[in-house]
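Q: Can you look at this prediction? I've put the sequence above it.
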Amino acid sequence: MNGLLREQRRSGRRAFWVLVIGLFLGGLLTLLSETFLPDSPARDFLTTSVAASVGPLHLDLVAVALTLGPLSLTLNVLTLVGVLIVALIARSLI
């Protein structure tokens, strides 16, 4: 039972890092395609994004005040491709 819990924790961390690194890779692919691809319907399809944002979040404790945000997440086709590439690489390393 303890091994199963440890494996779930490990797979959760792996999924988190795959998602984070994949989002960065997708952002890089988006930036490169916006820079180097000519204006075309393909470029518009690859770089059209959907954005969601939350914030700012304000936490005021007596001794410390903290403002976080706004946090935003921008997704497009290349972002999903980046996550897929990182997931396939992580799966092959197991």
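A: Noted; the coordinates are in hand. Residues are numbered from 1 along each chain as shown.

Q: Now do the helix ranked longest in the chain, average pLDDT.
A: Scanning the chain for the longest helix, with DSSP state H as the assignment, gives helix 2-36. Mean pLDDT, helix 2-36: 84.

Q: And it, what does it pack against?
A: Contact partners of helix 2-36 among helices and strands, from 3 or more Cβ pairs under 8 Å, 6 or more residues apart in numbering; DSSP states H and E: helix 41-47, helix 77-92. From N, CA and C alone the C-beta is placed, and that goes for glycine too.

Q: Direction included, what does the next helix or strand after the first one pair up with?
A: If I follow you right, that is helix 41-47. Downstream of helix 41-47, the first helix or strand assigned by DSSP states H and E is strand 50-54. The strands beside strand 50-54 in its sheet (DSSP bridges) come out as strand 71-75 (antiparallel).

Q: Now do Asn76: how many residues are near it, please.
A: As a burial measure, Asn76 scores 20 neighbours (other Cβ atoms under 10 Å).

Q: Help me confirm that it comes into contact with Thr30.
A: Yes - shown here, Asn76 and Thr30 form a contact pair, counting by Cβ atoms under 8 Å, at 6.0 Å.

Q: shared neighbours, those two?
A: 46-47, 49 (Cβ atoms under 8 Å, 6 or more residues apart in numbering).
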